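Undergrad: Just to be clear, the model below is a prediction. Sequence and coordinates:
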Amino acid sequence: MDKLDPAVMRLKARREDGEFISLRPKSFAEFAGQTEVIGNLKMMVEAAKLRSEPLEHLLFSGPPGLGKTTLAHLIAGEMGAQLTATSGPLMERPGDLVAILSSLPRGQVLFIDEIHRLPRAVEETLYSAMEDFKVDIVTGTGPGARTITLTLEQFTLLGATTRSGLLSAPLRDRFGALFQMEFYQPDELAVIIGRAAPQLELAIDAAAMLHLAEHSRGTPRIALRLLRRIRDYAQVNQAELVTREICAAALRQLGIGPQGLDKMDRMILETVIDRFGGGPVGLDTLAAVFHEERDVLAEVHEPYLLKLGFLMKTPRGRVATGRAYEYCGLPSPPVSGTQDAPLFED
């Protein structure tokens, strides 16, 4: 009997045990894309290890799904430290933060996702913890109140935000480096898809990988999510190899159109063009039309539409561009059309 590759045997064993297969990269070498960010992180991590010091505090910003959480795990692994993860909205009181900080050993990595949503009082407690590795705790009330200074072990704070503009200047300035995550190119996403497919036991050719990459909105999370759905489609249709044609059919069934726009993206463009004459229209107005949260439109849909050049941000609101009209199969409006459009404020 032929010997199986050890990695394949481990994969099969994990599947038999019902363990979820994680598609996250395990090292910087496996991380595709964000070349400049990865290069700087490698340098900073190596320098910190040579000095036997904890890594400086780092801030990652960018749309969801670009790898901010993944980088936090990789940094902790490269530093030989454990990762403690939490989220800004979960820490309602300064005591919640102090409880976490006081339990961190030297060199531990604390990851705070959506750090821009920290309550003000919690954020101010974080200032001295980041800068001086100590926090002041107030005990008692009234005339009997007193302040106790709690010394902390040196730790590394990794913050992630999708709305860097909402971060206060004092918090932003306390990070040693700020990294802006960019949308991925199709060839970078194709590499990610190619590495993930064997873990899902899916055979897919190069043309299908590139086609999927071109419809993944420049976002690895979306690419991997769609890859799982394409696997479902292939298994149901008994396709042993996912070709470009099979990939395209699966995406059509999922409602993914050209350039990766989904149904909601197309509805936003059509609403701006048809109902509001191409704009300008405010984000609050669009949120009311779709009965959707403003933040969902601002963080999930708008960044990619802006990247494609389908929408423009103006002081008066969002405006559909000529590219948006072309995408929707409509003739472009006169140049003065958007300039004379009615005002819809955010």
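TA: That came through fine.
Undergrad: got any ranges where the stretch 51-200 of the chain has weak pLDDT?
TA: Applying pLDDT under 70 to the stretch 51-200 of the chain flags the ranges 139-145.
Undergrad: what about the helices in it?
TA: According to DSSP state H, counting those that start in this stretch, the stretch 51-200 of the chain carries its helices in the segments 68-78, 94-101, 120-132, 169-172, 186-199.
Undergrad: With mean neighbour count and distance to residue 307 as extra columns, can I get the ones you listed in TSV?
TA: All C-beta atoms are positioned from the backbone trio N, CA, C, and that covers glycine. TSV is the format used below for the helices of the stretch 51-200 of the chain (neighbours: other Cβ atoms under 10 Å; distance: least, Cβ to Cβ, whole Å):
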stretch	mean neighbour count	distance to residue 307
helix 68-78	21	17
helix 94-101	18	35
helix 120-132	17	30
helix 169-172	14	24
helix 186-199	19	13
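Undergrad: JSON lines please, covering the ones you listed and showing distance to residue 113.
TA: Below are these laid out as JSON lines (distance: least, Cβ to Cβ, whole Å):
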{"stretch": "helix 68-78", "distance to residue 113": "7"}
{"stretch": "helix 94-101", "distance to residue 113": "13"}
{"stretch": "helix 120-132", "distance to residue 113": "14"}
{"stretch": "helix 169-172", "distance to residue 113": "15"}
{"stretch": "helix 186-199", "distance to residue 113": "21"}
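Undergrad: right, so of these, which gets closest to residue 161?
TA: Nearest of the helices of the stretch 51-200 of the chain to residue 161, taken as Cβ to Cβ: helix 68-78 at 8.3 Å.
Undergrad: Packing partners of that closest one?
TA: For helix 68-78, the elements it packs on are helix 35-51, strand 58-61, strand 83-87, strand 109-113, strand 156-161, judged by 3 or more Cβ pairs under 8 Å, 6 or more residues apart in numbering; DSSP states H and E.
Undergrad: Can you add distance to residue 206 and mean neighbour count and give the ones you listed back as CSV?
TA: Output for the helices and strands packed on helix 68-78, formatted as CSV (distance: least, Cβ to Cβ, whole Å; neighbours: other Cβ atoms under 10 Å):
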stretch, distance to residue 206, mean neighbour count
helix 35-51, 21, 14
strand 58-61, 31, 24
strand 83-87, 35, 16
strand 109-113, 34, 23
strand 156-161, 32, 25
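Undergrad: To residue 24, which of these lies closest?
TA: So among the helices and strands packed on helix 68-78, strand 83-87 is nearest, using Cβ to Cβ, at 12.1 Å.
Undergrad: check contacts around residue 297.
TA: Taking Cβ atoms under 8 Å, 6 or more residues apart in numbering, we find residue 297 in contact with 268, 283, 286-287, 290.
Undergrad: mind checking how far it is from residue 284?
TA: Plainly put, residue 297 is 9 Å away from residue 284 if you go by Cβ to Cβ, to the nearest Å.
Undergrad: and the gap between the residue nearest to residue 70 when sequence neighbours are not counted and residue 77?
TA: Using Cβ to Cβ, 6 or more residues apart in numbering and skipping the chain neighbours, the partner closest in space to residue 70 is residue 24 (5.2 Å). When Cβ to Cβ is applied, the distance between residue 24 and residue 77 equals 11 Å.
Undergrad: and if you look at residue 269?
TA: Relative to residue 77, and taking Cβ to Cβ, residue 269 is found at 41 Å.
Undergrad: What of residue 206?
TA: 30 Å.
Undergrad: Could I get the contacting residues of the closest residue to residue 115 other than its chain neighbours?
TA: Distances taken as Cβ to Cβ, 6+ apart place residue 159 nearest to residue 115, at 3.9 Å, with adjacent residues excluded. Contact partners of residue 159, counting by Cβ under 8 Å, 6+ apart, are 57-60, 111-112, 115, 175.
Undergrad: Show me where the stretch 201-346 of the chain has its helices.
TA: Using DSSP H, counting those that start in this stretch, the helices assigned to the stretch 201-346 of the chain run over residues 206-214, 220-236, 244-253, 263-270, 283-290, 294-296, 302-307, 322-327, 335-339.
Undergrad: where does residue 174 fall, phi/psi-wise?
TA: phi -90, psi 0 (degrees, to the nearest 10).
Undergrad: Against residue 109, how distant is the closest residue to residue 117 other than its chain neighbours?
TA: If the residues on either side of it in the chain are set aside, residue 117 comes closest to residue 88, at 3.7 Å by Cβ to Cβ, 6+ apart. Look at residue 88 and residue 109: by Cβ to Cβ, they are 17 Å apart.
Undergrad: Over to residue 259?
TA: With the distance defined as Cβ to Cβ, residue 259 ends up 37 Å from residue 109.
Undergrad: Could you report the pLDDT at the residue lying closest to residue 298 once chain neighbours are set aside?
TA: Excluding the flanking residues, the one nearest residue 298 by Cβ to Cβ, 6+ apart is residue 283, at 6.1 Å. If you check residue 283, the pLDDT there is 84.
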